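Student: Return atomic coordinates for the entry below.
(2 chains)
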Protein chains: 2
Amino acid sequence: MNSADLGRRVGVPSTALFTDQYELTMVQAALKAGTADRRSVFEAFTRRLPEGRRYGVVAGIGRVLDAVENFHFDDEMLAFLRDQNVVDGPTLDYLADYRFSGDIWGYPEGEVYFPGSPILRVEGSFAECVLLETVILSILNHDSAIAAAASRMSAAAGGRGLIEMGARRTHELSAVASARAAYIGGFDTTSDLAAGFRYNIPTVGTSAHAFTLLHDSERDAFRAQVDSLGRDTTLLVDTYDVTAAVRTAVEVAGPELGAVRIDSGDLLLVAHRVRQQLDELGATGTKIVVTSDLDEYAIASLAAAPVDAYGVGTQLVTGSGHPTCSMVYKLVARAASADPADELRPVAKKSMGAKSSKGGRKWAARRLDEDGVAEAEVIGTGPVPAELAGRQLLVELVRGGEVVAREPLDAARERHIAAREGLPMSAMQLSRGEPVLPTEYV
Amino acid sequence: MNSADLGRRVGVPSTALFTDQYELTMVQAALKAGTADRRSVFEAFTRRLPEGRRYGVVAGIGRVLDAVENFHFDDEMLAFLRDQNVVDGPTLDYLADYRFSGDIWGYPEGEVYFPGSPILRVEGSFAECVLLETVILSILNHDSAIAAAASRMSAAAGGRGLIEMGARRTHELSAVASARAAYIGGFDTTSDLAAGFRYNIPTVGTSAHAFTLLHDSERDAFRAQVDSLGRDTTLLVDTYDVTAAVRTAVEVAGPELGAVRIDSGDLLLVAHRVRQQLDELGATGTKIVVTSDLDEYAIASLAAAPVDAYGVGTQLVTGSGHPTCSMVYKLVARAASADPADELRPVAKKSMGAKSSKGGRKWAARRLDEDGVAEAEVIGTGPVPAELAGRQLLVELVRGGEVVAREPLDAARERHIAAREGLPMSAMQLSRGEPVLPTEYV
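Tutor: Numbers count the residues shown, from 1 in each chain, chains lettered A, B, ... in the order given. Here you go, the predicted structure:
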């Protein structure tokens, strides 16, 4: 049963087919060779941050836990795999009984990460761990990309309101996950009702241009909206002429009007004019919301404008130029058998170019300087140095197949704020640069 | 009930909450104002193609039809909307009874489109049409973006095999829709089992580096794979040393080895060397599959290399730089009442900048030159000129709330090939340019 991160319990179908076929064929070949049960350690990490980014944001951990819990093959799926000759009979039998029974440790949700950070460490038999690869990467690559963009936007917004409204710009379920990741990254609300339903994220929304066009005049439309939604609603003022619309809006709603929304034009210029006009009309408490093709740079450029809240769509749900992370899931150590006494041996691909990886089961810790500011991401495979023991980053998420680390979404959101504040100031620069912390291997 | 495009019938939860809150608050205000039942026409279209692209590809129509069929509010959803005070009692009553009862026409799936093409035309009451906005745009914006990238890649591949393998790089359900859109755009197979399950897309996959690392030697791994999957499997040869691996692969599988896969390095150089080595070893029928960070440009640059198939991940599922289209859903005409005799009046936003739109209920036709090659996308609101009557692009999809245009996915795939072949040759240029057809309004 899926807990949707302690939000509303939503019946989720099995996640077992969100899987690349080769995971199953590897299980088949390993079962036949007698190697499927070799004790194994897989790790999810990135070799680099997206070009120019200073830090990454871990998001999707709660969804990964849901996915692991819901990873099981029902009869219809098994029939499909049999009919399509994806795998043989013994493998179908193995899959029919499949439940992940291993251990998972990882960076908690909202934490920041750097190149090489072992974001998730999955331990168990080779077969049970390899099957989870695709769905784990789907979730982490998507959700972390959105959270990273959200974090930059929330840094740029400097405490002003941030509304996630990108549902229409991405796959309908990607949209729900995006709203969740955006909330972790610092957004306040979402337009997406499914995100409110599943994750208890506050939802907002009032009207679009179509509502104005439906009515015989802008005044009729504003009156209809205020009659129904109250004076503290947000009226959209750029369907025809902004100045005329603001005047009409205050005439209809009075100076108690909640907010006006501007969705086109030169937002800096228009926001100043509208603020002046609202003030002259006595609507000094009426807020200004802007919502046109914003990204972190546009938000920053409006810092001096009288804007109260930003609505962000496309650029948020597409990761502001980086719609996916480059997380990979690699076998880093394995034993020669299922025997717990058998030693884990580090393994690593050693081929051409940038795709090689570091073997060994890893820990990670963030070292602080004397002022308490983070100065390095330290990663090792041996014993943890005593001075770093209290700064370790991986936490236990799944023990013997049981999820042990559910938390409310607000915990991840607060953790992200704290983690970002613990970084050097230059982390908040929007300009392109190197990762703000070096990764050190010990 | 969801038909998943005539593929496997998959129980899909209601799509009604994949919706921005403002769609519901607009319905509330319009119900109170007595305008909710005004006969209305909404259209989905783009104002522009992504920068430099020569044509767009319509994808997601089958999924839109599923979404419209499954758009209904169940008790739990209604309770959520009531508890969160999203809308008032009369609106909840309206939503409880909601089923789309109007008409939808649109470009059939796989067709190409241009700026202004009325890709979908939704007609009914204001309330019933406006509620569908968000989910329709989510689907069309996502799926069309992926199909457009797939189409460029398939043009670049010139008939060589194309494998979709991006599941791990995008949201797990976005991945399924991506595999579907990629198939429409010309891909042959997918690694995503859920895409095979839901849409009958052929699935493929054999092994990853982890499988080699699991075993005590590369030879052991290859032998395990060949023992289980047969000699015609694909062996991954770049875990350690490619030349040694190819030699081992042919020793283990014999010259009947199906294929080798190369996932790193300078693919052009390595493919030539591997082909030569395979031929020298007598494995002249063994194919070469390459799979490392490919996009349409990399595929084109390998045209002269001895490559048999390309596996594409990240760049496909992120739309090769354009992960979303910019489709919008606009009220273009409405009557003053629900009376069918009441005249439909064109409406349009007339504000600043590029966001204005053209009012009126539109038809579209593709005009051909004397050689039968497309020369213009013609869009109008009046009578269709006789010479274009047989070239109209919109087809009936939903009549009185009933879906009337289900088709197998292969029909969309074949339609796309035909539509692309009907365009001027320059459509196939990968270089940046203007839309290959001008849009003419008559």
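Student: going forward, measure contacts and count neighbours with C-alpha atoms only.
Tutor: Will do.
Student: Residue A:124: which element?
Tutor: Here residue A:124, judged by DSSP states H and E, is contained in strand A:120-125.
Student: what does the stretch 51-200 of chain A put close to chain B?
Tutor: A:77, A:80, A:126, A:134-139, A:141-143, A:165, A:167-174, A:176, A:191-194, A:197 (C-alpha under 8 Å from any C-alpha of the partner chain).
Student: how about 7 Å then?
Tutor: Taking C-alpha under 7 Å from any C-alpha of the partner chain as the contact definition, the stretch 51-200 of chain A meets chain B at A:80, A:134-135, A:137-139, A:141-142, A:167-174, A:191-194, A:197.
Student: Of those, which belong to helices?
Tutor: In this view, those that belong to helices under DSSP state H are A:80, A:134-135, A:137-139, A:141-142, A:172-174, A:193-194, A:197.
Student: Farthest pair within these?
Tutor: The span of those, defined through C-alpha to C-alpha, is set by A:80 and A:193 at 33.7 Å.
Student: thinking residue A:144 is in contact with residue A:59, fair?
Tutor: Yes: between residue A:144 and residue A:59 there is a contact under C-alpha atoms under 7 Å: 4.6 Å.
Student: any idea how far residue A:229 is from residue B:81?
Tutor: According to C-alpha to C-alpha, to the nearest Å, residue A:229 and residue B:81 sit 15 Å apart.
Student: again but with residue A:131, I slipped
Tutor: Distance, residue A:131 to residue B:81, using C-alpha to C-alpha: 38 Å.
Student: In terms of neighbours, single out the busier of these two.
Tutor: residue A:131 (26 against 23; other C-alpha atoms under 10 Å in any protein chain shown).
Student: Tell me who's in contact with the more buried one.
Tutor: Contact analysis of residue A:131 by C-alpha atoms under 7 Å, 6 or more residues apart in numbering or on different chains lists A:23, A:24.
Student: which among the ones in helices among the residues of the stretch 51-200 of chain A next to chain B end up buried?
Tutor: A:80, A:134-135, A:137-139, A:141-142, A:172-174, A:193-194, A:197 (16 or more other C-alpha atoms under 10 Å in any protein chain shown).
Student: Nearest to residue A:269 among the residues you listed?
Tutor: Using C-alpha to C-alpha, residue A:193 comes nearest to residue A:269 of these, at 32.3 Å.
Student: Give me the nearest residue to the closest one, chain neighbours excluded.
Tutor: In this structure, residue A:193 finds its nearest non-sequential neighbour in residue B:17, 5.2 Å apart by C-alpha to C-alpha, 6 or more residues apart in numbering or on different chains.
Student: Measure how buried that neighbour is and give me the count.
Tutor: When neighbours are counted by other C-alpha under 10 Å, residue B:17 registers 24.
Student: And it, its phi and psi?
Tutor: Phi and psi for residue B:17, reported as degrees, to the nearest 10, are phi -90, psi 0.
Student: Then the one 3 residues further on?
Tutor: When quoted as degrees, to the nearest 10, the phi and psi of residue B:20 stand at phi -70, psi 140.
Student: Do I have it right that it meets residue A:191?
Tutor: Yes: using C-alpha under 7 Å, residue B:20 is in contact with residue A:191, at 4.8 Å.
Student: shared neighbours, those two?
Tutor: Common neighbours of residue B:20 and residue A:191, using C-alpha under 7 Å, 6+ apart, do not exist here.
Student: what does the average pLDDT come to for stretch A:129-136?
Tutor: The predicted model assigns stretch A:129-136 a mean pLDDT of 98.
Student: let me fix that: stretch A:237-254
Tutor: For stretch A:237-254, the mean per-residue pLDDT is 97.
Student: So what touches it?
Tutor: Counting by C-alpha under 7 Å, 6+ apart, stretch A:237-254 makes contact with A:209, A:219, A:222-223, A:226, A:231, A:257, A:260-264, B:349-351, all of which sit outside it.
Student: Run a quick neighbour tally on the nearest residue to residue A:392 once chain neighbours are set aside.
Tutor: Closest residue in space to residue A:392, ignoring its immediate chain neighbours: residue A:365 at 4.1 Å, by C-alpha to C-alpha, 6+ apart. Neighbour count for residue A:365, taken as other C-alpha under 10 Å: 22.
Student: per-residue confidence at residue A:365?
Tutor: Predicted confidence (pLDDT) for residue A:365: 98.
Student: give me phi/psi at it?
Tutor: Note on residue A:365: its backbone torsions stand at phi -150, psi 150 [degrees, to the nearest 10].
Student: what's the answer for the one 10 residues further on, then?
Tutor: For residue A:375, the backbone dihedrals are phi -130, psi -10 (criterion: degrees, to the nearest 10).
Student: and it, what does it touch?
Tutor: A:367, A:368, A:369, A:437.
Student: and the second one, how many neighbours does it have?
Tutor: Pointing back at residue A:368 there. Per other C-alpha under 10 Å, the neighbour tally for residue A:368 reads 16.
Student: Report the contact partners of it.
Tutor: Going by C-alpha under 7 Å, 6+ apart, residue A:368 touches A:374, A:375.
Student: Please apply the same query to the last one.
Tutor: Counting by C-alpha under 7 Å, 6+ apart, residue A:437 makes contact with A:375, A:376, A:377.
Student: And the pLDDT for it?
Tutor: 98.
Student: Same question for residue A:314.
Tutor: As predicted, residue A:314 sits at a pLDDT of 98.
Student: can I assume it is in contact with residue A:169?
Tutor: Yes: the criterion here is C-alpha under 7 Å, and residue A:314 meets it with residue A:169 at 5.7 Å.
Student: between those two, who's got more neighbours?
Tutor: Taking neighbours as other C-alpha under 10 Å, residue A:314 and residue A:169 compare with residue A:169 leading, 29 against 23.
Student: where does that one land on pLDDT?
Tutor: Looking at residue A:169, its pLDDT stands at 98.
Student: ditto for residue A:292
Tutor: At residue A:292, pLDDT is 88.
Student: One more: residue A:269?
Tutor: On the pLDDT scale, residue A:269 gets 96.
Student: Next SSE downstream of the helix or strand hosting it?
Tutor: Following DSSP H and E, one finds residue A:269 within helix A:267-280. Reading on from helix A:267-280 to the C-terminus, the next helix or strand found by DSSP H and E is strand A:287-290.
Student: Figure out how far that following strand is from the centre of its chain.
Tutor: With C-alpha atoms, centre = their mean, to the nearest Å as the basis, strand A:287-290 stands 26 Å off its chain's centre.
Student: Mind giving me the packing neighbours of that strand?
Tutor: In terms of contacts (3 or more C-alpha pairs under 7 Å, 6 or more residues apart in numbering or on different chains; DSSP states H and E), strand A:287-290 is packed against strand A:259-262, strand A:309-312.
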